[in-house]
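Sequence first, predicted coordinates after that:
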Amino acid sequence: MGIDIKAKTTGFFKNFRFGDHSTGMAFILLFILAVIVGWPNFLQPRNLINILRQISYTGIIGLGMTLIIISGGIDLSVGSMAAFTGGITILFLNLFPGPSHLGVALAAIFAVIFGALCGLFNGILVTKGRIAPFIATLGTMSIFRSLIQYFSGAGNILSLNTVYPEVGAGMVLGLPVPVWAFFIIAALLHVLLNNTRFGRYVCAVGANEQVARYSAVSVTITRMIPYIITGATVGVTALLWSSRLNSINSSDCVYYELDAIAAAVIGGTSMSGGKGTIIGTVLGAIMLGMINNMLVLGGVSSYLQQAAKGMVIIAAVLLQYNKRN
Amino acid sequence: MTVEKTDQKSVLLETRGITKEFSGVRVLDDISISIRAGEIMGLIGENGAGKSTLIKIISGIYQPTAGSLQLDGKQVEVPDFITAKRLGIAIVPQEFNLINTLSVYENIYLGNEIRKKSGLLDKNRMREKAAEQLAELKMPIDVNLLISELSVAEKQLVEISKALLLDARILIMDEPTTTLTGHEIVILFTLMRNLKRKGVTLIFVSHKLQEIIAICDRVTVLRDGSLISVDNAADVDEHDIARKMIGRDFQQVFPQKKIRGTDDIILEAEGLSSGKMVKDISFNLRRGEILGFAGLVGAGRTETAEAVMGLRPLEAGKLTYNGKKVAIKNPRDAVRLGIGYLSEDRQGKGIVQNFNIPQNVSLISLKRYLKGVLIDKRAELEKSTQYVKKFNIAAASQKMALRFLSGGNQQKVYLARWVDTDPRILILDEPTRGIDVNAKREIYDFIHSLAASGISCIVISSEMEEVIGLCSRVYVMREGKVTGCLEGKQITEEEIMFHATGIKGQVS
Ligand SMILES: Nc1ncnc2c1ncn2[C@@H]1O[C@H](COP(=O)(O)OP(=O)(O)OP(=O)(O)O)[C@@H](O)[C@H]1O
Ligand SMILES: [Mg+2]
């Protein structure tokens, strides 16, 4: 027995390739680095929770984005879509006078459905319209942004509901609501990707669309649904974000698409499609948050934070490239 | 190990104790062979024996775990493909290395572009020279077409042209004939002999034993990663080679008895038309029959099958399935009716390279592995283990991504995927592409047993003897039309060729 275990463990280390676990390893290294740089403040529970809350808004969108990228697409419109959805959701909420809980509940559902419809619009352009995803969503990116500017008069849309902020600013069992939303959606999409027929098809279509078509997979639907799911995740973020400040500004959620895509890519999702994991994206999003936090604690100019983020993204892609040989 | 008596001077390339391991699994074990200048060396062995791996080491794609390469009596390092090219080694890989979105001539000259004095690309010259090269192969493909528009045989010829234009000293070809019909193979062989006369050294991999004996000077046999023998081709016959390959005696390939099927017709096609390659095609298929489709490359057999599967839009024609008229708009409709189609293009339309074996097997039949909405991965793995046993799929583990399997083993996994759908009709387009002689027999037996259990099979094959040995009826096609239907004693090589080339069988 003892020999068996020994053989197994040496076997594990012999077969252990850095490339297979690069995201996990990078995460651990970065964590250790953050502990050292940010000592002792980094490890304070309040700080850690804060990091999680900060990354959850784009992290949630990143989860949906992961599905899109695996299926061979991309969605650049998510940031504008989040602001647009948030603004329309507040307008909807304001139809219910006073501190109406019913209004808040309906607004939550509304946000998710509205986001999903925006995603459906992207999906239709990409599949039925046969427009390259990059171009189609570049177009909707400016459409959604322009619409929210129009509806807000290029300013704020304010909510009149005083209980609405309880959604985005609330705490459950010591963790902020957005963090819960992030983890729960991650768990759901993880199962969807790994254990359902749809998830398998998404990977197949992303890996080789012809193969999928010849194997009786409906390529159109399989490519469309990830956009709808991403729209729904945008709806969740829009809800959390707009309720936190009880308003939406027409310039909110700018560059969210970059963080969402970055989280997926750092997490090992291949930009050429066919491969990726939800867990990777979760780690990728948290890593982005840790880097920002570390720079703040280390007293680095906030102007340099974006540069650090950029370098991490490039490093992640380089790692991916080397993995492929 | 066999000791070779070689005149040292004439040795051009030598592998010395080449060993290769992939994460601890040894796939080549101490391989030492000497290849003489200007000879054609055959390389043969079962699926997964290590042929492609050895070739990839010679051409710098893989690095050996141990051992070395000698060129002109000097040790050489081949760290990458570019170095190999510089040393004068060119390769026609088993899996095509072509870019679908580029044209034929752009692919042929990829990495070797011809430039004008100004430094800009000389596209006209590249077009001309590419066309010349293809003409030499008697395959007038329009060099401006995109690779994605070509059939597998055409892709193969483009890949060969690409290697030929390098003017290499050593030309290695990994299974170049699997998708070509007899006609193109004859042309290729003439070309190989010409190259040999010019002093080029060739390494040629094939699973067709007659080919090896016909074209090669010597034959190297590998089995399970070990070198078994190097013989003069004149000293051995097909049986000897087969015996060395599989380690025991090997006899007759085709099932004894032919299966005729019942009298009721399960599928009838009337006047199918779709594009240039499918013109007014009519045929019928009986229950439990093995029906053949023969013809030259470009006769429209694949396109006909794709039209039946709903992969190509039908412009005219009618399909009757089990006595009822059916409309098949896409492959899902076909699968729902119980019709399956194994494509000739394993790489482009068959396997998912980064899926493992169970994931590839269950891709179409996934519904059956669901427990509620979740995939029952244990059941999936169990079923795929059965196929691995049934088809003798050689793989270190089920969890291996398919791109790490040898070509023949990938083909078996692909076949398993369609078998797993429990089809009523199975259309097999080049079912034994890249499969070794021994496994071929097993697959023939298997097709036979499918038919015996009432499943109707259509076999499209470029190998004449496959059609002759397996089928009870054969439709012959030429230029998108059916030129004849042969039955029983009529099914002979000559008769098929007459109809395929247009000497007989005027289009009705
Ligand atoms: N990159 C890789 N990683 C792991 N295993 C590999 C890799 N490449 C090849 N193998 C294994 O090495 C063995 C030999 O493969 P190879 O492709 O050389 O066989 P082959 O003789 O060319 O077979 P075929 O006739 O089917 O083409 C196979 O068992 C294959 O699974
Ligand atoms: Mg091979």
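Arrived safely. Ligands and ions are numbered 1, 2, ... in the order given.

hey, where'd the helices end up in the stretch 1-150 of chain B?
Under the criterion DSSP state H, counting those that start in this stretch, the stretch 1-150 of chain B contains helices at B:51-58, B:81-86, B:104-108, B:123-136.

swap that for chain A, sorry
Per DSSP state H, chain A carries helices over the ranges A:2-15, A:22-37, A:45-70, A:78-93, A:101-127, A:133-152, A:165-169, A:177-195, A:197-207, A:209-214, A:219-245, A:256-266, A:278-297, A:305-323.

can you put these in JSON lines and add distance to B:V482?
Placement of C-beta: from N, CA and C, glycine included. Converted to JSON lines, these look like this (distance: least, C-beta to C-beta, whole Å):
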{"stretch": "helix A:2-15", "distance to B:V482": "54"}
{"stretch": "helix A:22-37", "distance to B:V482": "56"}
{"stretch": "helix A:45-70", "distance to B:V482": "43"}
{"stretch": "helix A:78-93", "distance to B:V482": "54"}
{"stretch": "helix A:101-127", "distance to B:V482": "37"}
{"stretch": "helix A:133-152", "distance to B:V482": "43"}
{"stretch": "helix A:165-169", "distance to B:V482": "68"}
{"stretch": "helix A:177-195", "distance to B:V482": "46"}
{"stretch": "helix A:197-207", "distance to B:V482": "35"}
{"stretch": "helix A:209-214", "distance to B:V482": "24"}
{"stretch": "helix A:219-245", "distance to B:V482": "31"}
{"stretch": "helix A:256-266", "distance to B:V482": "51"}
{"stretch": "helix A:278-297", "distance to B:V482": "52"}
{"stretch": "helix A:305-323", "distance to B:V482": "50"}
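
So, low pLDDT: which residues of the stretch 101-250 of chain A?
Segments of the stretch 101-250 of chain A classed as low confidence (criterion: pLDDT under 70) are not present in this model.

Pick out the residue in it sitting closest to ligand 1.
Among the residues of the stretch 101-250 of chain A, A:A207 lies closest to ligand 1, at 17.3 Å counting by C-beta to the nearest ligand atom.

on that earlier part again, any idea which of the helices of chain A is most buried?
Highest mean neighbour count of these: helix A:78-93, a mean of 28 (counted as mean count of other C-beta atoms under 10 Å in any protein chain shown).

helices or strands up against it?
Using 3 or more C-beta pairs under 8 Å, 6 or more residues apart in numbering or on different chains; DSSP states H and E as the contact criterion, the neighbours of helix A:78-93 among helices and strands are helix A:45-70, helix A:101-127, helix A:133-152, strand A:156-158, helix A:219-245, strand A:247-249, helix A:256-266.

Of these, which is nearest chain B?
The closest of the helices and strands packed on helix A:78-93 to chain B is helix A:219-245. By C-beta to the nearest C-beta, the value is 9.6 Å.

Quick check: the residue of the stretch 101-250 of chain A closest to ligand 1 vs A:F31, distance?
Using C-beta to C-beta, to the nearest Å, A:A207 is found at 32 Å from A:F31.

What about the residue of the stretch 101-250 of chain B at minimum distance from chain A, how many residues nearby?
Of all residues in the stretch 101-250 of chain B, B:S148 sits closest to chain A, with a separation of 8.7 Å (C-beta to the nearest C-beta). A count of neighbours around B:S148, defined by other C-beta atoms under 10 Å in any protein chain shown, yields 13.

Name the nearest residue to it, sequence neighbours excluded.
Here the nearest residue to B:S148 in space, its sequence neighbours aside, is B:N100; by C-beta to C-beta, 6 or more residues apart in numbering or on different chains that works out to 4.2 Å.
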